[in-house]
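Participant: coords please:
(chains A and B)
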Amino acid sequence: MTSEIIIQAIVTGLMMGLIYALIAAGLSLIFGLMEIVNFAHGEHLMLSMFSSFWLWSLFGLDPLFSIPITILLLAFCGVITHYFLIRYILKAKMLIQICATFGLSIFIRSIAQLLWTPDFRNVDKPLLEGRIEIGSVFIGQPQLYASLVCLIAFFGLYWFVTKTETGLALQATAQDRHAAEILGIPSNKMFAIGWAIGLGCVGVAGGMMANYFFIFTDVGINFALFAFVAVALGGFGSIIGCLYAGIIIGLVESLGGLLIDPSFKLLYVFAIYLLVVIYKPQGLFGRY
Amino acid sequence: MDTKLEIAKSEPIWNTNNKVISIITGLIILLFVLPVFGMNSFYLHLFIMIFMHAVMAQSWNVIAGFSGQISLGHGAFFGIGAYATSFFYMEYGITPWVSIFFGMFVSAIFAVLIGIPMLRLSGHYFAIATLLIGISFQVVFQRWDLVGAASGLWVTMTPEDSWSALQFHRSKVPYYYVFLIFFLITFFLVWLLSRSKLGYRLRAVRDDPQAALSLCINVSNYKIIAYVISAMIMAPMGSLFAQYILIIDPDRVFNIEISIIVLLITVLGGIGNVWGPIIGAAILVPISEYSRIYLGGTGGAVDLIFYGLILMIICIFRPNGLISFIPKDILERKKQR
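Facilitator: Here you go, the predicted structure:
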């Protein structure tokens, strides 16, 4: 156990954490807007990875260039989700809301399994390949660029929500739906935009991860779990909280895996989740 | 005040609607004599699965429907029951009839251990935590060598049919009766629970925790009680299932599909209603078994597609489940006054 290995684990955890952060930010944005947890978030991530994969295998488009298409597809998917499902359960009990998005997740995952079989796939020879060596620390290039893109997208999202007019309208809807409607902000449209942006974030993360991660129908479950944890950790509805929470989770995952036992990664993250929600239920940066 | 109490006490605990009582009695007798007419083993299997899933869904109904906490990892207790029974039977030769209670006991302990920290959480926090718990159990059992790690436990087979080992190789009829009796007992107990003081307090906790608290109902204690009861209903089904299929592995008994199906059955039938899980199971289990027969082998999870679709449709159009189609005056006890 030398210091190099620990530094390596920290770097790996940091890069993973930035991806978790972006996925969680999408989830958090949706929750902040309409207090619905999207239990199908992992399945949307899976869809985005498959979209990247099919664009590569059918049209020979490198995952790096297909990202805009993936984002658009996912945003479209979000709008569809809002119009065909979420719109009807906005006023329902929380239990029904959870069941509905959970049902959506089962539906998407099993349709994907039927259409594409549960095989493991990966993108052969993407543009981003190889690794960088700094001292004795190895950094995979696709991982590095994925985390950088996610970081940029994250700050883009943050800028959008806090600085642009649409972003401010989103925030207003999140704070008080009815007051915002009185001021002429159509909440239904805002919800649709929120879903589009939230899933667009997932599109970025999934598109970049398609470069180096295995693509299969159950891929989303773990990422979604970590995203849930990140959202709870950062505080439901807080976007900047997701960044810190994502990084914490990435570090806990990789350091726990290195120092104790890699097969129980999920349990360490789970322990962190329990500790935080018990002692600080509003999360580290939550507004509730 | 006293007279009202007198009236309330003089009310019979049974439903005074004679029609409903006779229908239910008739159905129970029918269920008992059905195998005598010689059903083939597929229909026996179908009925066994309906009984099992109805009880499992009822278990979820107690925690989610009565006390309002959504557990997305309820399969964990099913797995604990299955593993506890099979492990004690294989290692120490303890008859399943006794080790069923071990399973219930272990499940109850886990429910308390999980419940004490987690039921202070509510809503989404609890749902996410239970989702994590369900998967954590699977992860731990996949790597735990004592219970066979990922390959699971192969229950030692007895050469002959035996009631003490709860194994019947020739016919499914004994299994049918075992599951039927467990099904009836569970529903009777839950029915009693639903109209007991405890049941009303649980519903008070679900509907308005603040108001319940102001009436001196210790909200988190009652949530834990509901969780423990729910776990103790779930565990015996795991135990019996292990004795029924005689091989258990983490992918089967801790599968997230179990947590999904109990949720689906309850929401389909009617959440928070004692009879909901029966209706849900009676509709969903045949769909699942038949879709496995006709569409199985295609490699796709066709039944899961239906599940997801049904769940969404029910949530949009009938949030109270199919039971809301039945007029209310049949289901509820007639007022005496």
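Participant: switch to C-alpha atoms for all contacts and neighbour counts from now on
Facilitator: Fine.
Participant: from B:Phe137, how far out is B:Phe102?
Facilitator: According to Cα to Cα, to the nearest Å, B:Phe102 stands 18 Å off from B:Phe137.
Participant: actually A:Gln113, sorry about that
Facilitator: Going from A:Gln113 to B:Phe137 by Cα to Cα gives 24 Å.
Participant: which SSE is the residue nearest the centre of chain B in?
Facilitator: Centroid check for chain B by Cα atoms, centre = their mean gives B:Met56 as the closest residue, at 1.7 Å. Secondary structure from DSSP states H and E places B:Met56 in helix B:41-60.
Participant: list the buried residues for that helix?
Facilitator: Under the neighbour-count criterion of 16 or more other Cα atoms under 10 Å in any protein chain shown, helix B:41-60 has B:44-60 buried.
Participant: for the stretch 101-250 of chain B, just list every one of the strands.
Facilitator: B:153-154, B:247-248 (DSSP state E, counting those that start in this stretch).
Participant: likewise for chain A?
Facilitator: Using DSSP state E, the strands of chain A run over A:131-134, A:137-140.
Participant: okay, those, which one's buried deepest?
Facilitator: Of the strands of chain A, the one with the most neighbours on average (mean count of other Cα atoms under 10 Å in any protein chain shown) is strand A:137-140, at a mean of 17.
Participant: contacting residues around that strand?
Facilitator: By Cα atoms under 8 Å, 6 or more residues apart in numbering or on different chains, the residues outside strand A:137-140 that reach it are A:4-5, A:7-8, A:11-12, A:129-133.
Participant: just the buried ones from those, in PyMOL syntax?
Facilitator: Command for PyMOL that selects the buried part of those, burial taken from 16+ other Cα under 10 Å:
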select buried, chain A and resi 8+11+12
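Participant: can you get me a residue count around residue 261?
Facilitator: Defaulting to chain A. A:Asp261 is flanked by 11 other residues according to other Cα atoms under 10 Å in any protein chain shown.
Participant: nope, chain B
Facilitator: If you count neighbours by other Cα under 10 Å, B:Ile261 ends up with 23.
Participant: repeat for the one 4 residues further on
Facilitator: For B:Ile265, the number of neighbouring residues by other Cα under 10 Å comes to 31.
Participant: before we move on, which element is it in?
Facilitator: For B:Ile265, the enclosing helix or strand under DSSP H and E is helix B:256-269.
Participant: distance from the helix or strand that that helix is followed by to the middle of the chain?
Facilitator: With elements assigned by DSSP H and E, the helix or strand that comes after helix B:256-269 is helix B:276-295. Helix B:276-295 has its C-alpha centroid displaced from the chain centroid by 15 Å (Cα atoms, centre = their mean, to the nearest Å).
Participant: just the C-alpha atoms of helix B:276-295, please, in CSV.
Facilitator: Below are the C-alpha coordinates for helix B:276-295, written out as CSV (Å, rounded to 0.1, in the frame of the first residue of the first chain):
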residue,chain,number,x,y,z
GLY,B,276,-56.5,-5.7,-2.5
PRO,B,277,-53.5,-8.1,-2.6
ILE,B,278,-55.8,-11.1,-3.3
ILE,B,279,-57.4,-9.4,-6.3
GLY,B,280,-54.0,-8.3,-7.5
ALA,B,281,-52.4,-11.7,-7.1
ALA,B,282,-55.4,-13.5,-8.7
ILE,B,283,-55.0,-11.3,-11.8
LEU,B,284,-51.3,-10.8,-12.1
VAL,B,285,-49.9,-14.3,-11.3
PRO,B,286,-51.8,-16.0,-14.1
ILE,B,287,-50.7,-13.2,-16.5
SER,B,288,-47.1,-13.8,-15.4
GLU,B,289,-47.3,-17.6,-15.6
TYR,B,290,-49.1,-17.7,-19.0
SER,B,291,-46.8,-15.1,-20.5
ARG,B,292,-43.9,-17.2,-19.4
ILE,B,293,-45.4,-20.2,-21.2
TYR,B,294,-46.3,-18.5,-24.4
LEU,B,295,-43.7,-15.8,-24.7
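Participant: which helices and strands does whichever helix or strand comes after that helix pack with?
Facilitator: As assigned by DSSP H and E, the chain's next helix or strand after helix B:276-295 is helix B:302-317. Helix B:302-317 is packed against helix A:87-89, helix A:94-116, helix B:256-269, helix B:276-295, with contacts defined by 3 or more Cα pairs under 8 Å, 6 or more residues apart in numbering or on different chains; DSSP states H and E.
Participant: tell me the most buried of the ones you listed?
Facilitator: Burial of the helices and strands packed on helix B:302-317 is given as mean neighbour count (mean count of other Cα under 10 Å); helix B:256-269 ranks first at a mean of 26.
Participant: could you find the closest non-adjacent residue to A:Phe213?
Facilitator: Excluding its sequence neighbours, the residue lying closest to A:Phe213 (Cα to Cα, 6 or more residues apart in numbering or on different chains) is A:Asn122, at 6.8 Å.
Participant: B:Leu295 contacts B:Phe306, correct?
Facilitator: No: judged on Cα atoms under 8 Å, B:Leu295 makes no contact with B:Phe306 at a distance of 12.0 Å.
Participant: who does the lowest-mean-pLDDT helix or strand in chain A pair up with?
Facilitator: Here the helix or strand of chain A ranked lowest by mean pLDDT, DSSP states H and E is strand A:131-134, holding a mean of 78. Strands adjacent to strand A:131-134 in the sheet, as given by DSSP bridges, are strand A:137-140 (antiparallel).
Participant: thinking again about what came up before, residue contacts, the residue nearest to A:Phe213?
Facilitator: Counting by Cα under 8 Å, 6+ apart, A:Asn122 touches A:53, A:210-215.
Participant: coming back round to it: of the strands of chain A, which is nearest A:Ala245?
Facilitator: Nearest to A:Ala245 among these is strand A:137-140; the distance by Cα to Cα comes to 22.2 Å.
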